[in-house]
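Trainee: build me a model:
(one chain, ligands or ions: 1)
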Amino acid sequence: MAEDYRPMWKEMGLNLEAHDQLLGVLGQAYTDVFLAQKNRPDTMAYFDFVMSEVHGLRIKELLDEKAAGRKIIGSYCVFVPEEIALAAGATLVGLCSGADFAMEEVEKLLPRNTCALIKSAFGFKIGKVCPYLESADMVVGENTCDGKKKAYETLGHMIDNLYVMDLPQVKSANGRALLKAEYLRFKEAVEELTGVSITKESLREGIRVVNAKRKAMHRLLALRKADPAPISGLDALLANQVFFYDNPARFTESVNKICDELEQRIAKGEGGFKVKTPRILISGCPQAVPNWKLPMIVEASGGVIVGEESCVGERGTRNLTDDSGETVDEMIEALVDRYFQVDCAIFTPNTERLDHVKEMAQMYKADGVIHYGLQFCQPYLMEAIPVEKSMEENGIPCLRIETDYSMEDMGQLKTRVEAFIEQLS
Ligand code: BJ8
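Mentor: Below you'll find the predicted structure:
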């Protein structure tokens, strides 16, 4: 980071010492994992810059927005509609975190057998190391898995601006009605926060901006069908991660630039990997920054990741919202239609997800699927078994991984992943 942001962090109330420690770990991991890759698209330089400024320039932008009267809304789930935030003149940022922090303190508040994603969110709050969380005027939790649902009860005592969104668990008419009611309630809460009434024009614009972001991600994913793979899974995952906190218009433009470069690479038969490198689809829990453990292992073990069936991936970005509604209510309906298709493992039954994993494996010509389950994540670990069965029935090799954010099992994971990739090639 070129500029000294310490005064800014101090003013935000961050714990400077702990924050330095976190940034040091993040910077080192980024250098070791991303900058060490070969044959990266030149346009990934934008994401290198974003990551170098992840707690710097981007936070300054958010604080400048706040100074100009714009509100910042933080979210832990892809069910929180960015379109509504944008329509009310607010900015939505993702808060899920992918690193262990202040674990001893966290385990005084949460059972040890809580998934790493939830513990990480608590660690970042306890340690006062997340400028996104500290800058948020409203933090949205959601009733999804039991772990998150109950954790928000405790988090609510630690932050005074927590808003909890109820979410359906069944894809029924009642479930859809609940989602619509909750989106209307969220719209009201955001309007109250910002003092801005959402109009059909502003909602249409919010939908347009988010659709453009998602379309750029669809384009990127489609290009990954090529062999040789034009981009590493690590770089594609990074784009999916940055999706949650970058300025939306700038993000869209940057991903489209990457796609332009990848199209040229593909036309010349070039790629980041050799032709016929074993192609892997990752399916399962979200991988938030800086959780790059599994893709790093896969791509260091002779494979290339060609898709992510994940909320930090295609589960989060697929499907656009129809913006042709004539009224706010019609557009809210369109949002509900779009989001109700998200096949998170909190739904029961959730056979759509099995179909989706199979479709993705076929579409991206994956030689195998690795199911990524965070330890203690019941919804995804439970679904890992039917996913594996469905893959077997369709002749697609599948490896089930269960892990956390620590590096202790790296050796063991590498051995298993190497053996799996060996079997594919
Ligand atoms: S829509 S996947 S972002 S809830 S890993 S906290 S499920 S125990 S994150 Fe998610 Fe929304 Fe669903 Fe997507 Fe619980 Fe599992 Fe932890 Fe998880």
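Trainee: only C-alpha atoms from now on, for both contacts and neighbour counts.
Mentor: Fine.
Trainee: report whether stretch 154-165 contacts the ligand.
Mentor: No. For stretch 154-165, no contact with the ligand is found by C-alpha under 6 Å from any ligand atom; the gap never falls below 11.3 Å.
Trainee: just the element for Leu399, please.
Mentor: Taking DSSP states H and E as the definition, Leu399 sits inside strand 398-403.
Trainee: now do that strand: which elements does it pack against?
Mentor: Contacts defined by 3 or more C-alpha pairs under 8 Å, 6 or more residues apart in numbering; DSSP states H and E place strand 398-403 against strand 368-374, helix 378-393.
Trainee: reformat those as a markdown table; add mean pLDDT and mean neighbour count.
Mentor: What follows is these, written out as a markdown table (pLDDT from 0 to 100; neighbours: other C-alpha atoms under 10 Å):
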| stretch | mean pLDDT | mean neighbour count |
| --- | --- | --- |
| strand 368-374 | 98 | 25 |
| helix 378-393 | 98 | 18 |
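Trainee: quick one: residues contacting Tyr364.
Mentor: 222, 224-225, 281, 306-307 (C-alpha atoms under 8 Å, 6 or more residues apart in numbering).
Trainee: list the contacts for Ala151?
Mentor: 110, 118.
Trainee: for the chain, which residues are neighbours of the ligand?
Mentor: 77-79, 115, 117-118, 144-145, 147-148, 285-286, 311, 344, 374, 377, 379.
Trainee: residues in contact with the closest residue to the ligand within the stretch 301-425 of the chain?
Mentor: Relative to the ligand, the nearest point of the stretch 301-425 of the chain is Cys377 (3.6 Å; C-alpha to the nearest ligand atom). Residues near Cys377 by C-alpha under 8 Å, 6+ apart: 114-115.
Trainee: and Pro168, by the same measure?
Mentor: 175-176, 178-179, 347.
Trainee: hang on, the earlier thing: closest to Asp322 out of the contacts of Tyr364?
Mentor: Of all those, Ala222 has the smallest distance to Asp322: 21.0 Å, by C-alpha to C-alpha.
Trainee: what's around the closest one, how many residues?
Mentor: The burial count assigned to Ala222 is 15, neighbours taken as other C-alpha atoms under 10 Å.
Trainee: mind checking what secondary structure it has?
Mentor: Here Ala222 is helix, with the state taken from DSSP: H, G, I helix; E, B strand; the rest coil.
Trainee: what sits closest to it if chain neighbours are left out?
Mentor: Among residues not flanking Ala222 along the chain, Tyr364 sits closest, at 7.9 Å (C-alpha to C-alpha, 6 or more residues apart in numbering).
Trainee: ok, now how distant is the one you found from Lys128?
Mentor: As judged by C-alpha to C-alpha, to the nearest Å, Tyr364 and Lys128 stand 41 Å apart.
Trainee: from Ile421, how far out is the residue of the stretch 151-300 of the chain found nearest the ligand?
Mentor: Residue nearest to the ligand within the stretch 151-300 of the chain (C-alpha to the nearest ligand atom): Cys285, separated by 5.3 Å. According to C-alpha to C-alpha, Cys285 and Ile421 sit 21 Å apart.
Trainee: pLDDT at the residue nearest the centre of the chain, what is it?
Mentor: Against the mean C-alpha coordinate of the chain, by C-alpha atoms, centre = their mean, the closest residue is Val312 at 2.9 Å. The score at Val312 is 98. That number is its pLDDT.
Trainee: check contacts around it.
Mentor: 237, 240-241, 286-288.
Trainee: one more time with 10 Å, if that's ok
Mentor: Residues near Val312 by C-alpha atoms under 10 Å, 6 or more residues apart in numbering: 77-78, 237-244, 284-289.
Trainee: where's it relative to Tyr152, distance?
Mentor: 21 Å.
Trainee: can you check Ile370 too?
Mentor: With C-alpha to C-alpha as the criterion, Ile370 and Tyr152 are 30 Å apart.
Trainee: could you look up the SS state of Glu3?
Mentor: Glu3 is classified as coil under three-state DSSP.
Trainee: so it sits against Gly56, correct?
Mentor: Yes. Proximity of Glu3 to Gly56 meets the contact threshold set by C-alpha atoms under 10 Å, at 7.9 Å.
Trainee: so what sits opposite the nearest residue to Gly284 once chain neighbours are set aside in the bridge?
Mentor: Closest residue to Gly284 apart from its sequence neighbours, by C-alpha to C-alpha, 6+ apart: Tyr372 at 4.8 Å. When bridges are called by DSSP bridges, Tyr372 pairs up with Gly284, Ile401.
Trainee: so what's Tyr372 up against?
Mentor: 282-287, 294, 309-310, 380-381, 384, 399-404.
Trainee: the same query, at a cut-off of 8 Å, please.
Mentor: 282-285, 400-403.
Trainee: same question, Leu193
Mentor: Residues in contact with Leu193 (C-alpha under 8 Å, 6+ apart) are Lys71.
Trainee: phi, psi for it please.
Mentor: phi -60, psi -40 (degrees, to the nearest 10).
Trainee: tell me the predicted confidence for it.
Mentor: So, for Leu193, pLDDT stands at 98.
Trainee: does Pro230 touch Ala222 like I think?
Mentor: No. Counting by C-alpha atoms under 8 Å, Pro230 sits too far from Ala222 to count as a contact (10.8 Å).
Trainee: could you pull out the strands for the stretch 51-200 of the chain?
Mentor: 72-75, 91-94, 138-142, 162-165 (DSSP state E, counting those that start in this stretch).
Trainee: turn those into JSON lines, columns for mean pLDDT and mean neighbour count.
Mentor: As requested, the strands of the stretch 51-200 of the chain are exported to JSON lines (pLDDT from 0 to 100; neighbours: other C-alpha under 10 Å):
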{"stretch": "strand 72-75", "mean pLDDT": "98", "mean neighbour count": "25"}
{"stretch": "strand 91-94", "mean pLDDT": "98", "mean neighbour count": "24"}
{"stretch": "strand 138-142", "mean pLDDT": "98", "mean neighbour count": "22"}
{"stretch": "strand 162-165", "mean pLDDT": "98", "mean neighbour count": "18"}
